[in-house]
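*Asks:* Okay, here's the prediction I keep looking at, along with the sequence it came from:
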Amino acid sequence: MSVFFVMSLLFGLTFGQTASLCAPAEYTIHVEKRECAYCLAINTTICAGFCMTRDSNGKKLLLKSALSQNVCTYKEMLYQTALIPGCPHHTIPYYSYPVAVSCKCGKCNTDYSDCVRERVRTNYCTKPQKLC
């Protein structure tokens, strides 16, 4: 093997361990309302990936705000609205959902992000499914 190849491989492995890999990723949301006949499967994008964080050994010496971990979160997003099929006239049949345009590593904002690492699996349909 050439020296250039070995050096490139070592650089790639080193850089790969320190770089953040936070980007929009495809995700399917399942939405249903009790009054409506169908469950809607919506394809969207969310922010997902790895962000470099550090656990400080001097936790007692630092301010609490300095200890927050970076997460993969929205840099830019927009909202789209879908129509849930099979809803009676007295029900609002619309559902708005976020679409990640770009992502960044930063502090988690609970106003628009789920900052919990483990979550209960509730993203499924109990009614017949329609794809949006």
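*Replies:* Yes, it's here.

*Asks:* ok now do residue 93, which residues does it touch?
*Replies:* Residues in contact with residue 93 (Cβ atoms under 8 Å, 6 or more residues apart in numbering) are 33, 36, 83, 84, 85, 87. Yep, even glycine has a C-beta here, placed from its N, CA and C like the rest.

*Asks:* Skip the chain neighbours and tell me the closest residue to it.
*Replies:* residue 87 (3.8 Å; Cβ to Cβ, 6 or more residues apart in numbering).

*Asks:* Ok, residue 46 next?
*Replies:* Counting by Cβ to Cβ, 6+ apart, the residue nearest residue 46 is residue 27, at 4.4 Å.

*Asks:* The one helix or strand that neighbour maps to packs against which elements?
*Replies:* Following DSSP states H and E, one finds residue 27 within strand 21-32. Contact partners of strand 21-32 among helices and strands, from 3 or more Cβ pairs under 8 Å, 6 or more residues apart in numbering; DSSP states H and E: strand 39-50, strand 71-83, strand 94-106.

*Asks:* tally of neighbours for residue 73?
*Replies:* 20 (other Cβ atoms under 10 Å).

*Asks:* scratch that, residue 97
*Replies:* 15.

*Asks:* For the protein, which helix or strand comes out least confident on mean pLDDT?
*Replies:* helix 3-18 (a mean of 50; mean pLDDT, DSSP states H and E).

*Asks:* Correct me if wrong: residue 75 contacts residue 109.
*Replies:* No: here residue 75 does not reach residue 109: they are 11.4 Å apart, not a contact under Cβ atoms under 8 Å.
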